[in-house]
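> Turn this into a model:
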Amino acid sequence: MTEKKTSDDNKRTAEEEGRPIPLGEAMRTARSEFTDLTGLHAESVSRFERTGDGWALEVEVMELERVPDTMSLMASYEVTLDEAGHLTGYRRVRRYERGRADSSRRG
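Presented below is the predicted three-dimensional model:
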């Protein structure tokens, strides 16, 4: 008895083919791995850029939920990924209350 091959059997990942991972796939992988490591869920990605050896993201997460919601404690994390889209590191770069706007300085 022969097995039928489906189109999925013939698909190879970008990593297996040695080509850069697609943008959407890299973001999904990064968010998933970041959540697995920290227990924090990325609410948004505020920066995403290609680097020489992978990707760099800045993700916004809620670190402490408060009532009212505008007082919840948020944080920005810098997340780095390798060429295959796997998380290689992260660090918190700032904390702020959800209801506070960034202060801007005018020259």
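> can you map out the strands along this structure?
Along the chain, counting by DSSP state E, strands occupy 42-51, 54-64, 73-81, 87-97.
> And the shortest one, what does it pack against?
What that stands for is strand 73-81. Counting contacts by 3 or more C-beta pairs under 8 Å, 6 or more residues apart in numbering; DSSP states H and E, strand 73-81 is packed against helix 23-38, strand 42-51, strand 54-64, strand 87-97. From N, CA and C alone the C-beta is placed, and that goes for glycine too.
> Now do the contacts for residue 95.
Neighbour list for residue 95: 63, 73, 74, 75, 76 [criterion: C-beta atoms under 8 Å, 6 or more residues apart in numbering].
> from these, which is closest to residue 24?
residue 76 (21.5 Å; C-beta to C-beta).
> Which residues are in contact with the closest one?
By C-beta under 8 Å, 6+ apart, the contact set of residue 76 is 46, 58, 59, 60, 92, 93, 94, 95, 96.
> burial count for the closest residue to the second one other than its chain neighbours?
Spatial nearest neighbour of residue 58, chain neighbours left out: residue 47 (3.8 Å); criterion: C-beta to C-beta, 6 or more residues apart in numbering. Close neighbours of residue 47, defined as other C-beta atoms under 10 Å, add up to 12.
> Then residue 84?
There are 17 residues near residue 84, going by other C-beta under 10 Å.
> Tell me the confidence at it?
Per-residue confidence (pLDDT) for residue 84: 85.
> For it, give me the backbone phi and psi.
The phi/psi pair for residue 84 (degrees, to the nearest 10) reads phi -80, psi 0.
> is it possible to export the strands of the chain to a markdown table including distance to residue 23 and mean pLDDT?
As requested, the strands of the chain are exported to a markdown table (distance: least, C-beta to C-beta, whole Å; pLDDT from 0 to 100):
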| stretch | distance to residue 23 | mean pLDDT |
| --- | --- | --- |
| strand 42-51 | 8 | 90 |
| strand 54-64 | 9 | 93 |
| strand 73-81 | 11 | 95 |
| strand 87-97 | 16 | 95 |
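> Kindly reformat these as TSV containing distance to residue 35.
Converted to TSV, the strands of the chain look like this (distance: least, C-beta to C-beta, whole Å):
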stretch	distance to residue 35
strand 42-51	7
strand 54-64	9
strand 73-81	11
strand 87-97	10
